[in-house]
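Visitor: Build me a model from this:
(one chain, ligands or ions: 1)
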Amino acid sequence: MSDPVRVRFAPSPTGALHVGGARTAIYNWAFARRNGGTLVLRIDDTDPGRSTPENTAQILRSLEWLGLDWDEGPGVGGPFGPYFQTERQDHYARALERMRANGTAYPCFCSADELAAKRDLARAGDGVFGYDRTCRRLDPAVVAARLAAGEPRVWRLAAPENRGDIVVKDAVRGETVFPAGTMDDLVLVRSDGSPAYNFATVVDDATMQITHVIRGDDHLSNTPRQILIFEALGQPVPLFAHLPMIWGADGKKLSKRHGATSVEAFRDAGYLPEALLNHLALLGWSLDGETTIVPPDVLKMQFSLERISRNPAVFDFEKLDWMNGAYLRALDSEDFAAQAFLWIEAAGLAPAGDLAARHDWYLALASLIKERIKLLTEVVPAVRFLFVDRLDIDPEALDQVLAKEGAGAALEAVRQALASLESWTSEAIEAALRSIPESLGVRPKVVFQIARVAIAGSTVSPPLFESVALLGREVTLTRLTAALCLATP
Ligand code: GLU
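Guide: Alright, predicted model coming up:
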């Protein structure tokens, strides 16, 4: 039986969580869930200048917002902690000790200036870059003395000299062969004692018993080096799955130029987490080549590494908008109302607690706009007129609708018809308003548009009769009276 699946998502908290990282997290999460495995969240905070607790907090928030949970890591702990690399010094020290003892690591005392000179020389000569292994050839007694004297040094991998090609076995890319001779004696531990990325990653992946490394293919060139470190430590090499890049529509790596890229920017732009998750899941993976709606529950039942594509995936903002609309429409009114309320409250239009107090009213509001929007940012503009005390009428609507001859007469008729209504339901309101056009000899559309501008301040609004019902009798009649003063008789 194979080992239980253990995967990790290992962000560096040097910035916000971006969609590329989020997709890596999603694939790791789905793979762990699909296989009854464990997802480890590890914070790769070894870059002291750029790693901040605020970035870590934002990454965790973004993962939680996306609905991704982890089994070990910050907030939940676990048997392989700590889960911050800066707290794992003793693991790195022990691993280095083991590599020293078996001769796969050695100290290098070359100064930065010496290394630069060597690089220049190499560049001018045979074109082989990388360290020339001067310190690897030092006499052991000399090494011991220089170490004892506390001379500044880094620790390097003694890359094997007689090893055959390094074969990276990758679930997405098949086998990639790297000639062993191209591997240099890379730095494992810097002169300040901090571990370099490749070393820390391998030590952690080994000690955390990671079975599959799923990450962006920008790390592919690191992988043969990491394999050498796994071997030097005598640890099994995990299976790799390198994910294709995400491109913008222009075929360039997705960046800010293309639009929002951080997960929180998408949240703030009105996307539902499920829609973003779905869209990201399909960037490089497919369920069957055609299904576009793949909710989280399906993803975690069906995800497989075999269906990841090697080709770059294009982030399609239009498709995401469409998808978000589909997810919004699929929400039941209760859930939609809750989402809409968050935006309405954040805009300062409704007091906290209003949703519970006016539950049915919000449900009616939800059904009014649910089918009509693609982004949650559209909620507030669509319903603002229902909340404001003083309605500002759009000047263009005023000019084109209320200033037309006969608008005043129509408004007066509307006001009278509504004032005498016995029950304030959208059906009763509709019946009352439909009786007006004929008696005035104008088209229904014209009367409804006049009423719409009077009550919503604009020529575009959610459906009229339902809007009037939600607005309530008192406010509606006040607005009609106010509009009468502006309308041409
Ligand atoms: N901290 C690395 C990154 O954010 C992780 C790379 C890896 O998965 O090995 O790119």
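
Visitor: ok, now which residue in this structure is the farthest from the centroid?
Guide: Distance from the centre of the chain peaks at S439, with 56.7 Å (CA atoms, centre = their mean).

Visitor: any idea how far it lies from R6?
Guide: Separation of S439 from R6 (CB to CB, to the nearest Å): 76 Å. From N, CA and C alone the C-beta is placed, and that goes for glycine too.

Visitor: returning to that earlier point: would you confirm that the residue farthest from the centre of the chain contacts V414?
Guide: No: between S439 and V414 there is no contact under CB atoms under 8 Å: 11.4 Å.

Visitor: thinking again about what came up before, any idea what sits nearest the residue farthest from the centre of the chain, other than its immediate chain neighbours?
Guide: Leaving aside its chain neighbours, S439 sits nearest to A413 (7.1 Å; criterion: CB to CB, 6 or more residues apart in numbering).

Visitor: same deal with R153?
Guide: With CB to CB, 6+ apart, the residue lying closest to R153 is P107, at 4.2 Å.

Visitor: How about the contacts made by the one you found?
Guide: C135, V143, R146, L147, R153, V154, W155, R156 (CB atoms under 8 Å, 6 or more residues apart in numbering).

Visitor: Contact residues of the stretch 151-300 of the chain facing the ligand?
Guide: By the rule CB under 6 Å from any ligand atom, the part of the stretch 151-300 of the chain lying against the ligand is T201, R215, H219.

Visitor: hmm, try it at 5 Å
Guide: Residues of the stretch 151-300 of the chain found near the ligand (CB under 5 Å from any ligand atom) are T201, R215.

Visitor: What segments of the stretch 151-300 of the chain are helices?
Guide: Taking DSSP state H, counting those that start in this stretch as the criterion, the stretch 151-300 of the chain carries its helices at 197-207, 223-232, 263-268, 273-281, 296-302.

Visitor: Only alpha carbons, please: show the shortest one as CSV.
Guide: So that's helix 263-268. Output in CSV follows, covering the C-alpha atoms of helix 263-268 (Å, rounded to 0.1, in the frame of the first residue of the first chain):
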residue,chain,number,x,y,z
VAL,A,263,-7.5,37.2,-4.2
GLU,A,264,-8.7,40.1,-2.0
ALA,A,265,-8.9,42.3,-5.0
PHE,A,266,-11.3,39.9,-6.6
ARG,A,267,-13.3,39.7,-3.3
ASP,A,268,-13.5,43.5,-3.3
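
Visitor: Would you mind listing the buried residues in it?
Guide: Buried residues in helix 263-268, defined by neighbour count with 16 or more other CB atoms under 10 Å: V263, E264, F266, R267.

Visitor: Show me the residue at the heart of the protein, geometrically.
Guide: Most central in the chain (CA atoms, centre = their mean) works out to V263, at 3.2 Å.

Visitor: shaky segments in the stretch 1-150 of the chain?
Guide: 1, 125-129 (pLDDT under 70).

Visitor: Report how many residues lie close to whichever residue of it sits closest to the ligand.
Guide: The ligand sits closest to D44 of the stretch 1-150 of the chain, with a gap of 3.4 Å, by CB to the nearest ligand atom. D44: 19 surrounding residues under other CB atoms under 10 Å.

Visitor: Now do the same contact list for it.
Guide: D44 neighbours (CB under 8 Å, 6+ apart): A10, P11, S12, P13, Q85, Y197, A200, T201.

Visitor: likewise R50?
Guide: Per CB under 8 Å, 6+ apart, neighbours of R50: S12, T14, G15.

Visitor: most neighbours, which of those?
Guide: So for these (other CB under 10 Å), the most neighbours sit at S12, 18 neighbours.

Visitor: shouldn't it be in contact with D45?
Guide: Yes: taking contacts as CB under 8 Å, S12 lies within contact range of D45: 7.0 Å.
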